[in-house]
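*Asks:* Give me a 3D structure for the following:
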Amino acid sequence: MQIFGYFVFLILLMSFSGCSQQVRIKALEPAKVDRISQTKKIAVLHFKNDRVGLARKIEAKLASFKIDNKKYFTIVSRNDFNTIINEQKLQSSGLVDEEGSVKVGEIIGAQAIISGDVRRPAKQDSYFYEPRVRCANAKCSELSYYNVRCMKRVVSLAAEVRVVDVSHGDIIYADTLSRNRVFKHCSDDSRALPSTSMVAQQLAQNIADDFTYQLTPHYRSFSVTLLDDPDLDYTSQQKKLLKVSLEYIEQGRYDKAEQFLTRLIDSTGGKSYVAFYNLGVIKEAQGKYKEAKEYYEYADNLMVEPVEEINAAVVRINRLIAKREKTMEQLNR
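*Replies:* Residues are numbered from 1 along each chain as shown. Purely as a prediction, here's the structure:
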């Protein structure tokens with residue numbers, strides 16, 4: 001029992017450690033496919049073997065995408081290019097090659113053409129047994145062990161998708177995108193396995209989401225840890241300034257927290273890296289990266305020994321600045 005109690009104590013100790021206050025940061029990042037920002041007027045052609053409506057799902061996703069409440073893409077109406085295709089007597093079988101895509105794009109005024117080929121949804125079932133236990137008598141004084149037959153179903157969907165730059169006549173994106181889902185059903189449960197066609201629709205939407213994510217700038221959220229232990233021999237008043245500033249940060253009152261941290265910096269003669277670092281976190285959370293970088297560098301210069309949070313902040317803020325510059329280039333093209 002003593003050993004058991006010791007282990008419980010260790011678990012509790014671990015659960016209470018590493019619980020420093022954190023701030024949630026929302027950072028803007030550029031699209032992975034940079035060249036798409038130069039070809040924002042897009043047409044989505046019919047995909048080959050598209051039993052799941054992937055082309056329409058991608059078109060809808062791109063058409064509705066907004067960044068800071070502004071539409072990022074202009075989608076050429078499907079009716080427009082269908083009419084032109086009929087007028088030009090172009091064969092739909094030729095629309096997915098480069099030459100055909102460029103020809104259609106030039107006619108309808110699109111800067112980029114998205115085409116694809118969707119593979120047939122695949123289903124794979126396998127069987128196995130799971131152990132069960134039940135009472136062997138009315139008083140449950142004995143147990144009975146037995147197995148039940150179960151089925152695992154894996155449904156997968158894949159599609160080859162590519163984007164052609166109409167003006168240059170080259171492919172700026174080409175990849176095979178795939179998603180799958182796993183389901184389980186046992187003879188003693190009431191869960192019914194979904195049909196392949198139903199799951200394929202969900203997977204097609206997942207693929208459309210993945211594809212759109214690669215073409216668009218997006219926000220990424222992550223947590224940054226604050227420093228809550230004095231790095232100097234704080235007076236009681238300085239400890240109170242730090243404590244109150246952390247309370248205001250927790251409440252999202254960055255303006256008030258900044259006032260108390262500035263007072264803490266002044267009262268310590270500008271020698272507390274804790275105050276400078278926490279002030280940098282506030283500026284980072286507000287999206288004021290250049291100011292955050294200055295405060296992180298002040299904190300970095302005051303370190304006598306390496307502090308993990310400060311080292312990470314110095315590296316991170318430089319990356320965020322570079323990514324935001326890249327994102328703004330994409331947004332302004």
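*Asks:* name the element residue 42 belongs to?
*Replies:* Assigned by DSSP states H and E, residue 42 belongs to strand 41-44.
*Asks:* Would you mind putting the CA coordinates of the very next helix or strand once past that strand into PDB?
*Replies:* Next along the chain after strand 41-44, taking DSSP H and E as the criterion, comes helix 54-64. In PDB, the C-alpha atoms belonging to helix 54-64 read as follows (Å, rounded to 0.1, in the frame of the first residue of the first chain):
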ATOM      1  CA  LEU A  54     -15.300  16.300 -55.800                       C
ATOM      2  CA  ALA A  55     -15.000  19.000 -58.500                       C
ATOM      3  CA  ARG A  56     -18.100  20.800 -57.200                       C
ATOM      4  CA  LYS A  57     -17.000  20.500 -53.600                       C
ATOM      5  CA  ILE A  58     -13.600  22.100 -54.500                       C
ATOM      6  CA  GLU A  59     -15.300  24.800 -56.500                       C
ATOM      7  CA  ALA A  60     -17.700  25.600 -53.600                       C
ATOM      8  CA  LYS A  61     -14.900  25.600 -51.100                       C
ATOM      9  CA  LEU A  62     -12.700  28.000 -53.200                       C
ATOM     10  CA  ALA A  63     -15.700  30.300 -54.000                       C
ATOM     11  CA  SER A  64     -16.600  30.700 -50.300                       C
END
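*Asks:* Average pLDDT for the strand holding residue 42, rounded please.
*Replies:* For strand 41-44, mean pLDDT is 93.
*Asks:* Could you do stretch 148-162 as well?
*Replies:* In this model, stretch 148-162 has a mean pLDDT of 96.
*Asks:* Look up how far residue 322 lies from residue 68.
*Replies:* Distance, residue 68 to residue 322, by C-beta to C-beta, to the nearest Å: 20 Å. All C-beta spots, glycine's among them, are computed from the backbone N, C-alpha and C.
*Asks:* Between these two, which has more neighbouring residues?
*Replies:* Neighbour count, other C-beta atoms under 10 Å: between residue 68 and residue 322, residue 322 has more, with 12 against 9.
*Asks:* Who are the contact partners of that one?
*Replies:* With contact set as C-beta atoms under 8 Å, 6 or more residues apart in numbering, residue 322 has no partners.
*Asks:* My reading is that it lies in a strand. Confirm?
*Replies:* No - applying DSSP: H, G, I helix; E, B strand; the rest coil, one finds residue 322 to be helix, outside a strand.
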